Structures are given as structure tokens and as C-alpha cells.
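K.L.:
Any chance you can model this:
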Amino acid sequence: MTKCALPCSPVQNQERDACGAPGIDGNEAPRVSCRGPRGVARVSLLLRFSHWLAARPWVYDRVQRLAGAGVVRRRLRPRLAETGGRTVLDVGAGTGLYLSCLPPSARYIWLDNDLRKLEGVRSTPPARHALLGDAACLGLRDASVDFATCTNVSHHLDDGQLARCVDELARVVRGKLILHDAVTTARPISRLLWSLDRGSHPRSRDALVAAVQQRFDIEDLEQYSTWHEYLLLVAVPRPSRQATS
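P.N.:
Residues are numbered from 1 along each chain as shown. Predicted coordinates for the structure are as follows:
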């Protein structure tokens, strides 16, 4: 597989709005009406503003806690207990919300493409290794990390991006991948939450499992419910064809 360089930019030279809406300041809350094209436009504007606001680290953390981050931590912690003394790459790490699931001796590497989240994680001690990069182009050496976590990220990736992300994870991980995300369901509350989510690519359980199985063997799989239906899986990379030839 062709390796790619890490698309990393100096923090001081990058300023952007995570939702692509720099002109929204939120000082005046628009009135919401769903009648006609103008009503749809108002709803769209309100959603863009809510996404822009949620990109702020302190808002993001509070939204995640309301959405059940504590439950996710309880599910992740036993899966990550064996990472003590090992290198753990957190892909799509956000504000490092699930860092507390790792043993203190784990060597943590934060990776995300959101500059504001990077600034948030750097402002919180202790100091951590942090990379501003892309889940589909990790920019790390082959077999360079023991574990990788990918928590609530896959629904932000289209099918091509997810396939490249899985390829990259299989390339850099020498131990295990722990992947967690919400999956589609017919439950009304879950469907409502998906309609508000910044991620545009929710998948069924079977579709997400199939994507991971392209490059990994799944060791363990758990499905549970809170507001959403969630999938948590543990997988090991399958040897590449080049390595076995």
C-alpha cells in the first residue's frame, strides 16, 4: 500500500470554522418555520449554527456527556485495560474525551483533523503527543502502534474514506483495533438524533462490520443501546498480501 505524508499544518497558521460557516456569529437566533423553501433554509441555517457551536471543545464535551459518554467509557475501559505500557493511537480523538479509559502507563497519541479540538487537548495537562491529521491518511510507519481506538468516527466518513481509514489502521496497528460507533436503527429517538448529527454517513451494524472485515479479523463484538444503538468491536489486522507473499 502506498504510504502518505501526514497532512499537518502549524497551529498558528491555521484558522478555520469546523463547519465551514465562519460568517455565523449566533447573536440573533433565527425563528424556525418549516413551511416552504424559506422555512427549510432557516432550519438549515439553525443546524449549521448548532454544528458550528458544537465544534467548540467545551460545548462538544458537554454535548457528548449528555449523549451518554459515561456509558461509552464504561464499555471501553475493560477493552483497553491491556494497553498499559503500550502505544495507543486515538483516531478522530476530538478533545481526548476517552483518554481516561486508558491505564496511566499507556503511551497515548492524539490524532484528529480539527484544529480547535487540538487546541483544547493541548490546554489540558498533562502534555500529550498530538498529530493534526486525517483518519484516511495516518502518516505513520507500518506496524508503529500497538493499539488504535476509533470512537464515534466512522459515521463522519463516506464509504471511500472509511475503506481508506480501515486500510491505514491495518497498516499501522500491530496489535488490536477497538472501534465504537452508533449504528442505524428504526427507533424514533435514534432517527431524530441522526437527523441532527454532523456525520452524514450512518451505517447499519452489518455494513460497519463488513467494512472492518475487509482488513481485520473480529475477535469480539458487542451491541448495546442508550439513546442510539451502538456497536463496539475488537479486531486484529489481517496480514497483508505483500507481507505473506
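
K.L.:
for the chain, what spans make up the strands?
P.N.:
Under the criterion DSSP state E, the chain contains strands at 87-91, 107-112, 129-132, 145-151, 173-183, 216-225, 229-237.

K.L.:
who wins for proximity to Tyr98 among those strands?
P.N.:
Nearest to Tyr98, of all the strands of the chain, is strand 145-151, at 5.6 Å by CB to CB. Every C-beta, even on glycine, is put in place using the N, C-alpha and C of the backbone.

K.L.:
Okay, angle between the closest one and strand 229-237 too, please.
P.N.:
Here strand 145-151 runs at an angle of 160 degrees relative to strand 229-237 (axes from the mean of the first three to the mean of the last three CA atoms, to 10 degrees).

K.L.:
and strand 145-151, which strands flank it?
P.N.:
Note on strand 145-151: by DSSP bridges, its sheet partners are strand 87-91 (parallel), strand 173-183 (parallel).

K.L.:
ok, residues contacting that strand?
P.N.:
72, 76, 80, 83, 86-92, 98, 109, 135, 165, 169, 172-181 (CB atoms under 8 Å, 6 or more residues apart in numbering).

K.L.:
Would you mind listing the buried residues in that strand?
P.N.:
For strand 145-151, the neighbour count (16 or more other CB atoms under 10 Å) marks 145-151 as buried.

K.L.:
want to throw those into a markdown table with distance to Ala211?
P.N.:
Formatted as a markdown table, the buried residues of strand 145-151 follow (distance: CB to CB, whole Å):
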| residue | distance to Ala211 |
| --- | --- |
| Val145 | 20 |
| Asp146 | 22 |
| Phe147 | 19 |
| Ala148 | 15 |
| Thr149 | 17 |
| Cys150 | 11 |
| Thr151 | 16 |
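
K.L.:
Widest-spaced pair of those residues?
P.N.:
Longest span within the buried residues of strand 145-151, CB to CB: Asp146 and Thr151, 17.0 Å.

K.L.:
rewinding a little: reformat the strands of the chain as JSON lines; add distance to Ser200.
P.N.:
JSON lines is the format used below for the strands of the chain (distance: least, CB to CB, whole Å):
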{"stretch": "strand 87-91", "distance to Ser200": "18"}
{"stretch": "strand 107-112", "distance to Ser200": "18"}
{"stretch": "strand 129-132", "distance to Ser200": "22"}
{"stretch": "strand 145-151", "distance to Ser200": "17"}
{"stretch": "strand 173-183", "distance to Ser200": "13"}
{"stretch": "strand 216-225", "distance to Ser200": "23"}
{"stretch": "strand 229-237", "distance to Ser200": "18"}
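
K.L.:
Select, out of these, the one closest to Ala207.
P.N.:
strand 173-183 (8.2 Å).

K.L.:
State the mean pLDDT of that closest one.
P.N.:
The predicted model gives strand 173-183 an average pLDDT of 96.

K.L.:
Hmm, Asp167 is touching Arg215, no?
P.N.:
Yes - at 6.0 Å, Asp167 counts as touching Arg215 under the criterion of CB atoms under 8 Å.

K.L.:
These two: who's more crowded?
P.N.:
Higher neighbour count among Asp167 and Arg215: Arg215, with 22 against 16, using other CB atoms under 10 Å.

K.L.:
Could you pull up the residues touching the nearest residue to that one once chain neighbours are set aside?
P.N.:
With sequence-adjacent residues excluded and distances taken as CB to CB, 6 or more residues apart in numbering, Arg215 is closest to Ala170, at 3.7 Å. Going by CB under 8 Å, 6+ apart, Ala170 touches 215-216, 237-238, 240.

K.L.:
As JSON lines, those with pLDDT would be great.
P.N.:
Putting the contacts of Ala170 into JSON lines (pLDDT from 0 to 100) gives the following:
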{"residue": "Arg215", "pLDDT": "98"}
{"residue": "Phe216", "pLDDT": "98"}
{"residue": "Pro237", "pLDDT": "97"}
{"residue": "Arg238", "pLDDT": "93"}
{"residue": "Ser240", "pLDDT": "71"}
